[in-house]
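S.K.: Prediction below, plus the sequence it came from.
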Amino acid sequence: MGQHLLLNDTEHRDLRVSVGHGAHLGDDVMGALTFPDEFRSVQAHYPIVFRREAAGGLVPLALFGLQEGCNLFLDGDRWDATYVPLSIQRQPFLIGIAGEQRLVHVDMDHPRVRQAGAEGAPLFDEQGGPTAHLERVRSVLLALHDGVDATPAFIEALQRLALLEAFFLDVRLDDGSLNRLAGFHTINEERLGALDGAALERLAGDGHLLPIYMVLASMSRFRDLIERTNRRRAAPR
């Protein structure tokens, strides 16, 4: 679960956070949460799929690999894409709600957190004010919070029109191994194409039609994941 504390300039004045990327910083993950307003940026690099959570609901994910614990865009300390989803950018911070306020929390158990004297980006200046890094974190958290809040309406629209379906992907790699990706949902393009004008007009009016097309466009990125997997497996160890 982690140790989530409300960030403040008294207890955390000297706290540092590691920036950049790396497996040791928690970036070696198969995918990350995304949201409809982010789909345009995400689809340029990653497939967008939907996964059913323990509570039963579906959430959209940007896929970075074909198996758990494998991020094919992580190359040492470099993320090999021009866009990194906000749910990765926000680490190790979270947003908490207190009445009308949205407050920044920090996961003290996250590998990016560093104590006083360690290398990393400071969160507060000498006067206790927020640094530029912390201000950027706040903007990322607010955008992520608003995007995630808007996601259930998008999912409900897809389910109302029966546009979501489970899928699996069988991949034979260059080394001859057969790999199956399963446990995800995608949008049924045939059902989308069969919708009448009224249904399409409602989707467009509610702001759902563009994200749907972004999901469909992102399916072409599976080819890149397969090629990256082949290159990684062929690389000398």
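M.R.: Everything's here; your move. Since this is a predicted model, take the numbers as computed values, not measurements.
S.K.: how many other residues sit next to the closest residue to residue 93 other than its chain neighbours?
M.R.: Among residues not flanking residue 93 along the chain, residue 137 sits closest, at 5.2 Å (C-beta to C-beta, 6 or more residues apart in numbering). No exception for glycine: its C-beta is placed from N, CA and C like everyone else's. Neighbourhood size, residue 137 [other C-beta atoms under 10 Å]: 24.
S.K.: got a list of what the closest residue to residue 208 other than its chain neighbours touches?
M.R.: Nearest residue to residue 208 in three dimensions, chain neighbours excluded: residue 157, at 4.9 Å (C-beta to C-beta, 6+ apart). Going by C-beta atoms under 8 Å, 6 or more residues apart in numbering, residue 157 touches 203, 206, 208.
S.K.: Quick one, which of those are buried?
M.R.: Among these, those classed as buried by 16 or more other C-beta atoms under 10 Å are 203, 208.
S.K.: could you dump the contacts of residue 157 to JSON lines with distance to residue 133?
M.R.: What follows is the contacts of residue 157, written out as JSON lines (distance: C-beta to C-beta, whole Å):
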{"residue": "203", "distance to residue 133": "39"}
{"residue": "206", "distance to residue 133": "36"}
{"residue": "208", "distance to residue 133": "34"}
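S.K.: Mind jotting down where the helices sit in the protein?
M.R.: Using DSSP state H, the helices of the chain run over 39-42, 86-89, 132-160, 189-193, 197-205, 209-218, 222-234.
S.K.: Flag every buried residue along the fifth one.
M.R.: Residues 199, 200, 203 are the ones in helix 197-205 that count as buried (16+ other C-beta under 10 Å).
S.K.: cool, stretch 88-101 as well?
M.R.: Those would be 88, 89, 90, 91, 92, 93, 94, 95, for stretch 88-101 by 16+ other C-beta under 10 Å.
S.K.: With stretch 119-136 instead?
M.R.: 120, 121, 122, 123, 124, 130, 133, 134.
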